[in-house]
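Student: give the three-dimensional model of this entry:
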Amino acid sequence: MGFNFMIFKSLFFFFSLLFLFLQLHQTAKADEDFNAFNNVTSAKKLAGNCNWFQGKWIYDSSYPLYDPYKCPFIDPQFNCKKYGRPDSTYLKYRWQPFSCFLPRFNGLYFLEKWRGKKIMFVGDSLSTNQFQSLTCMIQAWVPNSRISYIRGDGLSSVTFEDYGVKIFLYRTQFLVDLVRENVGTVLKLDSIRNGNMWKGMDMLIFNTWHWWTHTGRSQPFDYIQQGNKLYKDMDRMIAYYEGLTTWARWIDVNVDPIKTKVFLLGISPSHYDGRDWNEPTKSCSGQTQPFFGTRYPAGTPAAWYVVKKVLSRIKKPVYLLDITTLSEYRKDAHPSAYSGEHSGTDCSHWCLPGLPDTWNQLLYASLFG
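Tutor: Numbers count the residues shown, from 1 in each chain. Below you'll find the model as predicted:
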């Protein structure tokens with residue numbers, strides 16, 4: 001009975017997702033900004049008629065925005081130049097929206113506007129990528145400012161003491177709970193016990209996706225629990241939808257939008273399979289140029305539609321940093337073999353300086369643009 005129910009649920013979800021895909025695809029033809037849902041506030045919307053997420057990568061000799069050798073926050077995993085990456089062109093690309101210009105990042109202005117405030121990144125190692133990027137971008141503007149850096153396994157922070165700005169990183173792979181129990185490690189799709197750590201912030205930037213795709217030895221759980229039922233496994237897109245829906249309920253119950261701005265980072269792509277950009281024998285290894293075509297061959301990942309579906313039902317304002325397409329173009333921006341903490345080829349994370357700096361420029365633009 002339970003097995004048949006899961007098959008029915010998988011089919012129902014598949015057709016719901018297919019319907020959503022067709023709906024969004026039709027909307028995309030009629031309206032370039034994909035803003036199909038009234039309840040979803042994308043960062044683009046804050047720019048009026050400008051869609052910051054539709055554009056192209058252009059060479060800019062003034063980049064990067066900071067020197068990796070002068071920033072103390074970069075993990076070896078992302079510090080590609082330190083660990084031998086020989087090319088530098090990947091550092092020189094700036095994202096240019098088609099119909100406007102992104103405001104230039106000003107770390108001093110950021111600190112003044114957010115003086116005395118608390119900011120928290122919540123998510124997996126891609127949140128770490130973005131957290132370290134933002135702190136480096138700010139530190140480059142105030143190199144002589146008093147800074148305290150606390151690094152922990154689950155919670156890290158950088159405080160710009162002269163401005164009272166505290167930037168936290170809370171590590172969680174799924175946003176929902178991962179709990180050790182007698183049967184093993186259980187991923188609980190309808191439980192967020194650690195959310196108390198997220199309260200009291202002036203800005204929250206969430207992210208989750210990559211770990212939902214891990215299987216076999218790389219998956220960190222033995223069972224998935226929904227309600228009172230334990231499953232050895234289930235369709236990961238369904239699990240992602242259910243987990244993200246639990247997060248959305250937490251936002252609706254716990255966030256006061258007058259006090260706290262909430263952002264969700266869109267789906268960050270990987271580049272292990274060259275078929276995604278019509279180079280079947282390639283991966284990110286050895287790539288030195290972005291994809292310059294007008295449409296990325298692999299198209300939009302299914303998880304993007306899950307994000308849009310969940311955000312269409314949320315009641316509180318959540319600003320989507322819709323970085324998926326612009327990040328898909330950056331097959332050249334991964335650490336690949338030039339990582340101090342990752343054996344083999346890393347085509348999931350991003351070099352610093354690099355692509356996450358653009359994510360933070362989009363965050364900056366949504367706040368001040």
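Student: quick one: neighbours of the nearest residue to Gln226 once chain neighbours are set aside, just the number.
Tutor: Leaving aside its chain neighbours, Gln226 sits nearest to Leu189 (4.7 Å; criterion: Cβ to Cβ, 6 or more residues apart in numbering). C-beta here means a position set from N, CA and C on the backbone, and glycine is covered the same way. Neighbour count for Leu189, taken as other Cβ atoms under 10 Å: 23.
Student: do the one 3 residues further on as well
Tutor: Residue neighbour count, defined by other Cβ under 10 Å, stands at 20 for Ile192.
Student: correct me, but it touches Asp177?
Tutor: Yes - contact criterion Cβ atoms under 8 Å: Ile192 and Asp177 qualify, at 6.3 Å.
Student: re the thing from before, wait, the residue nearest to Gln226 touches Ile238, no?
Tutor: No - with contact defined as Cβ under 8 Å, Leu189 does not count as touching Ile238 (9.2 Å).
Student: which parts of the stretch 1-150 of the chain are strands?
Tutor: Assigned by DSSP state E, counting those that start in this stretch, the strands in the stretch 1-150 of the chain fall at 41-42, 55-59, 93-97, 118-123, 147-150.
Student: right, I mislabeled it, should have said the stretch 151-300 of the chain
Tutor: For the stretch 151-300 of the chain, applying DSSP E, counting those that start in this stretch gives strands covering 155-160, 165-171, 177-181, 184-188, 203-206, 223-226, 229-231, 261-265.
Student: mean pLDDT, mean neighbour count and distance to Ser61 for these - can I get that in JSON lines?
Tutor: Below are the strands of the stretch 151-300 of the chain laid out as JSON lines (pLDDT from 0 to 100; neighbours: other Cβ atoms under 10 Å; distance: least, Cβ to Cβ, whole Å):
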{"stretch": "strand 155-160", "mean pLDDT": "98", "mean neighbour count": "20", "distance to Ser61": "29"}
{"stretch": "strand 165-171", "mean pLDDT": "98", "mean neighbour count": "21", "distance to Ser61": "29"}
{"stretch": "strand 177-181", "mean pLDDT": "95", "mean neighbour count": "14", "distance to Ser61": "45"}
{"stretch": "strand 184-188", "mean pLDDT": "96", "mean neighbour count": "18", "distance to Ser61": "46"}
{"stretch": "strand 203-206", "mean pLDDT": "98", "mean neighbour count": "22", "distance to Ser61": "30"}
{"stretch": "strand 223-226", "mean pLDDT": "96", "mean neighbour count": "19", "distance to Ser61": "49"}
{"stretch": "strand 229-231", "mean pLDDT": "95", "mean neighbour count": "15", "distance to Ser61": "53"}
{"stretch": "strand 261-265", "mean pLDDT": "98", "mean neighbour count": "23", "distance to Ser61": "28"}
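Student: that concludes my questions; thank you for your assistance.
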